[in-house]
Every structure is written in structure tokens, then in C-alpha cells.
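Visitor: return a 3D structure for these sequence lines:
(one chain, ligands or ions: 2)
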Amino acid sequence: MLGDDALAEAAFAEIEEGTPVDKAWVAALDGQVADYAAAEDEYFRARASDLADIRERVLDHLTGAERTRPPAGAILLAEDMPPSRFLSLDWSAGGGIALTGGSPTSHVAMLARARGVPMVVGLDLDLAQVQPIDAALLDGEGGRLNLSPTAAATEAFNGERREAAVLAGQWAKYLMKPAVTANGERVLTQINVAEPAELDRLDPEICDGIGLVRTEFLFHDQSELPDEEQQFGVYRRIVAWAAGRPVTIRTLDAGGDKPIAGLSMAQESNPFLGLRGIRLSLVHKQVFRLQLRALARAAAVGPLKIMLPMVTIPSEITEAATLLAEEVASLQTAGIACRLPALGIMVEVPAAALAVDRYDAAFYSIGSNDLTQYVTASARDIASVANLNDTSNPAVLMLIERVARFGRESGREVSLCGDAGGDPRLIPLLLQAGVRNLSMAPTMLARAKAIIAGWQPA
Ligand code: PEP
Ligand code: MG
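Guide: Ligands and ions are numbered 1, 2, ... in the order given. Just a heads-up that it's a prediction; the model follows:
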């Protein structure tokens with residue numbers, strides 16, 4: 001592919017204009033990667049990752065930066081890992097992540113969960129003292145890392161893996177069936193999508209829809225913000241995958257622990273309490289309008305709903321609704337196919353959970369990750385307070401119960417799309433709190449459905 005002159009043509013043109021070589025190369029390749037990713041034909045879509053790989057490898061040569069590319073299947077040991085680094089690595093051959101920092105509800109943990117990559121955080125380990133080794137044992141479920149495994153430890157570990165495989169086989173029987181409790185009550189189970197490439201490996205039959213698409217992936221590690229066409233191509237592809245099932249796409253939730261160059265604020269003393277989510281979108285209105293246009297166009301293809309992150313006051317919904325209506329009107333005037341999607345909100349700020357009846361939205365999805373960190377005043381990405389950052393805290397559960405009750409009484413849809421939705425320890429508590437619509441990482445579905453099947457109201 002590199003031998004094809006057309007590949008670098010756009011980059012050379014930019015360089016002539018004075019753009020630095022590395023930037024010109026990335027911009028040229030990003031455009032082509034996006035075109036392939038949005039192609040109708042599956043074969044062409046699959047070429048997007050080849051081109052992305054070429055982009056990265058040429059970039060390494062251009063910048064002289066020796067990016068460490070771990071060998072396939074390696075366990076990465078580090079203090080922390082940004083989500084963009086996770087997304088830039090190839091996990092198809094397995095591998096795992098062991099961090100001395102981090103937290104189970106950080107965004108990189110969420111990505112790892114979605115891919116089924118074993119990950120352990122908050123390890124009590126001095127990285128400077130770690131010697132070169134050939135093999136290590138990583139237990140993502142048990143939160144353990146053994147850097148000097150004996151033959152006996154390896155044997156025991158492999159025994160545990162076999163037992164885990166037997167359990168996974170039992171849960172797998174539930175995967176293709178709708179989730180139903182022991183007393184016959186139906187529970188909707190949807191999936192969270194962090195990057196659309198995940199969907200290529202999944203059968204839509206496993207779920208009742210997509211409860212959350214985190215659109216941050218579109219903006220990560222890009223030299224430019226994605227344009228309307230690029231976004232439309234991606235959203236349309238997700239809606240097509242769902243084959244008629246509802247798809248909830250969340251508008252950009254930048255800021256907090258998901259900084260996006262050129263958009264989010266660089267110097268906030270407390271980014272989780274700063275300009276993030278809908279707050280940031282309402283500041284960068286042109287970027288927001290573009291995303292709303294792309295979403296309204298994809299809504300013409302299938303049942304797409306728009307969800308706003310981090311809603312704190314009701315007027316944020318009205319402001320977003322006005323912008324959405326304006327963009328739909330402008331698309332209609334231009335004769336571009338579109339539809340006005342239902343506009344819902346994340347309930348993840350305590351203010352919204354406490355006074356949920358004052359927030360007029362088409363639907364509500366409880367973001368238990370952020371709700372928990374704000375209610376317990378324990379950041380989701382700080383390992384030393386991970387014991388406090390607990391969704392089973394009665395105060396958090398009381399708020400979840402309140403929102404679920406509001407949904408029942410007002411006849412509005414309430415779901416939950418934080419990590420708690422797929423957590424075997426928390427699922428019974430969420431059902432007890434009245435939640436009947438859970439959205440989770442696809443790798444959590446089979447076990448979650450098995451747990452739901454065994455649940456009876458207390
Ligand atoms: C949440 O906060 O629970 C949520 C689903 O959003 P995110 O994890 O992307 O902040
Ligand atoms: Mg959130």
C-alpha cells in the first residue's frame with residue numbers, strides 16, 4: 001500500500017503549503033482511514049486498520065520517536081495508561097494491563113472490559129525495581145499479578161483458568177436469550193460501545209439495543225476534529241449493525257479524564273468538576289452543531305436517540321434541543337435526509353438525580369460511574385480512594401432507586417449504563433432498586449443475563 005503514490009499525495013501537497021511533515025502525513029492518512037472505515041463494503045472497511053497501522057509506523061520513522069510497541073500478547077506494566085494508548089495497540093493476540101495507578105472505573109478500564117483484555121489496577125509495586133522477566137501471571141478477576149511465578153503457581157493458575165472457562169461456558173447459554181428474572185420479569189439488556197470496531201465481532205441478537213455509544217473515540221488522537229461526513233459514516237454504520245434495535249448515541253463527553261486536544265481545558269485544578277460533557281459542547285457550539293447534524297442524518301437510517309452527558313441544570317437540555325431543531329431544519333431546507341431524534345440525558349450528576357422530575361427529557365440513563373464518584377467524593381481514577389468509590393454505597397443506591405421510581409411513575413424510559421450494569425455484585429442491588437434496563441460492556445452480557453435469571457425480589 002505504501003508503494004501507491006496516491007497514498008501520500010495529499011500529504012505532499014500539505015507539505016508544499018508549509019505544514020510540518022508529521023502533521024501533513026497524519027492528516028492525509030486520517031482522511032483515508034475515515035473513508036475506509038465508513039465504506040459500505042465490509043472488505044474496504046477492514047482496510048481502515050491496515051491504513052491506521054501504516055500511518056503509525058511511518059509516523060514513528062518521521063518523528064524518530066521510538067514508540068514502544070509491545071510484542072503481541074504481552075502484559076503491559078506501567079503506572080497508568082491513557083485511553084488513546086489503549087486504542088492505538090493491537091489486542092487481537094491477547095495480552096493484559098497491570099497498573100500501579102488507575103482504577104476499575106477509569107476509561108481505560110472500560111475499554112479493556114469491552115475488549116475482554118485482563119487488567120489489574122492499583123498494584124502495590126515499585127516499577128523501578130522490576131527486573132526483566134519472560135513470563136508473568138495476570139488475573140484480571142482476582143486483581144493479582146505474579147511477576148516471578150513458580151511452576152506450582154503456574155499450574156494452579158492454569159487450573160483456575162480452566163474453572164473460569166467452565167463457568168463462562170455455563171453463562172454463554174444465556175447470551176442469545178432475552179434476560180428474564182426468576183419470577184418471569186423481563187429486563188432489557190443493552191450494550192455499551194466504546195469503539196465501533198468492537199461491533200464487527202458481535203451478533204446483534206445478543207442484546208436489546210445499544211444503550212450507550214461513547215463518541216469520544218472519534219476525537220481521540222486525531223490531528224483534526226472529525227467532520228460531519230466522517231461522523232455520519234460512523235453513526236450510520238452503528239445504526240445499521242443494530243438492525244432495527246434502538247441505538248443511543250451520546251454527544252461528546254470530553255474533559256474530566258478524557259482530554260481532547262484543542263477542545264477541553266488544559267489547566268483545570270479539578271477536571272472532573274470542570275468544563276466537561278454538555279458544558280464543553282455548549283461552549284464549542286460549532287463542534288456540537290456538527291455532531292448533532294451527523295446524528296440527525298444517521299437517525300434517518302434507523303432508531304437513533306441522542307443522549308447528553310453531564311447534564312447539571314434543565315436549561316442545558318433546552319439549549320441542546322434548540323440547537324438540534326435548528327440543525328434539523330437546516331438539513332431539511334438543504335434537502336438532506338434526516339430525522340429529529342429523541343433527546344435524552346445521562347443522570348450522573350447528583351443534582352439531576354435528586355431533582356430528576358425537573359429535567360424534561362425523552363429518556364434518562366443513569367451514569368453510575370460518575371454518579372458514584374460525585375456522591376462519594378472519590379475520583380474514579382484514583383486508586384487510593386477506590387474503596388470509597390463504591391456504587392453499593394446506600395446513598396448512591398437511594399438516588400438510583402429515586403430515578404427508577406420517577407421513570408415508572410412518569411412512564412419515561414430509565415436505563416443504567418455505568419459499569420455497575422454489568423457487575424455481578426451490583427446487578428441484584430440495581431434490580432432491587434427498580435432498574436429494569438441495563439447497558440454494559442458486551443463481554444459482560446452473558447454473565448449478567450445468568451445473574452438476572454437467578455434473581456428474585458427480596
Ligand atoms: C457513567 O458515568 O456512568 C458513564 C456511563 O459515562 P462515562 O463512564 O463515559 O463517564
Ligand atoms: Mg459519565
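Visitor: how deep is the residue of the stretch 201-350 of the chain at minimum distance from ligand 2 tucked in, by neighbour count?
Guide: Residue nearest to ligand 2 within the stretch 201-350 of the chain (CB to the ion): residue 348, separated by 4.6 Å. Where you see a C-beta, it was placed from the backbone N, CA and C, and this is true even at glycine. Close neighbours of residue 348, defined as other CB atoms under 10 Å, add up to 25.
Visitor: shouldn't it be in contact with residue 310?
Guide: Yes. Using CB atoms under 8 Å, residue 348 makes contact with residue 310 at a distance of 6.4 Å.
Visitor: now do the shared contacts for those two.
Guide: When contacts are counted by CB atoms under 8 Å, 6 or more residues apart in numbering, the set common to residue 348 and residue 310 consists of residue 370.
Visitor: average pLDDT across stretch 164-179?
Guide: The average pLDDT within stretch 164-179 is 94.
Visitor: check which residues of that stretch are buried.
Guide: Residues of stretch 164-179 classed as buried: 171, 174-175, 179 (neighbour count, 16 or more other CB atoms under 10 Å).
Visitor: which one of the residues you listed is nearest to ligand 1?
Guide: In terms of CB to the nearest ligand atom, no member of those lies closer to ligand 1 than residue 179, at 19.2 Å.
Visitor: quick one: residues contacting the closest one.
Guide: Here residue 179 is in contact with 186-189, 448-449, 452-453 (criterion: CB under 8 Å, 6+ apart).
Visitor: only the buried residues of stretch 85-102, if you could.
Guide: Here stretch 85-102 shows 85-87, 89, 91, 95-102 as buried, counting by 16+ other CB under 10 Å.
Visitor: hang on, residue 448 packs against residue 420?
Guide: No. With contact defined as CB under 8 Å, residue 448 does not reach residue 420; the gap is 10.7 Å.
Visitor: need the residues touching each of those two.
Guide: Joint contacts of residue 448 and residue 420 (CB under 8 Å, 6+ apart) are residue 427.
Visitor: who's more crowded, these two?
Guide: It is residue 420, of residue 448 and residue 420, that has more neighbours when counted by other CB under 10 Å, with 28 against 23.
Visitor: wouldn't that one be in contact with residue 391 here?
Guide: Yes. Using CB under 8 Å, residue 420 is in contact with residue 391, at 4.3 Å.
Visitor: hey, what's in contact with both of these two?
Guide: In contact with both residue 420 and residue 391: 368, 372, 426, using CB under 8 Å, 6+ apart.
Visitor: name the SS class of the second one, please.
Guide: Pointing back at residue 372 there. helix (DSSP: H, G, I helix; E, B strand; the rest coil).
Visitor: what is the neighbour count of the closest residue to it other than its chain neighbours?
Guide: Excluding its sequence neighbours, the residue lying closest to residue 372 (CB to CB, 6 or more residues apart in numbering) is residue 391, at 4.7 Å. Residues lying near residue 391 (other CB under 10 Å) number 26.
Visitor: isn't residue 391 up against residue 422?
Guide: No. Using CB under 8 Å as the test, residue 391 is too far from residue 422 to be in contact (11.6 Å).
Visitor: from the centroid of this protein, which residue is nearest?
Guide: For the chain, the residue nearest the mean C-alpha position is residue 194 (3.0 Å; CA atoms, centre = their mean).
Visitor: distance of that one from ligand 2?
Guide: Counting by CB to the ion, to the nearest Å, the gap from residue 194 to ligand 2 is 12 Å.
Visitor: who touches that residue in this structure?
Guide: The contact partners of residue 194, by CB under 8 Å, 6+ apart, come to 110-111, 114, 214, 217, 441.
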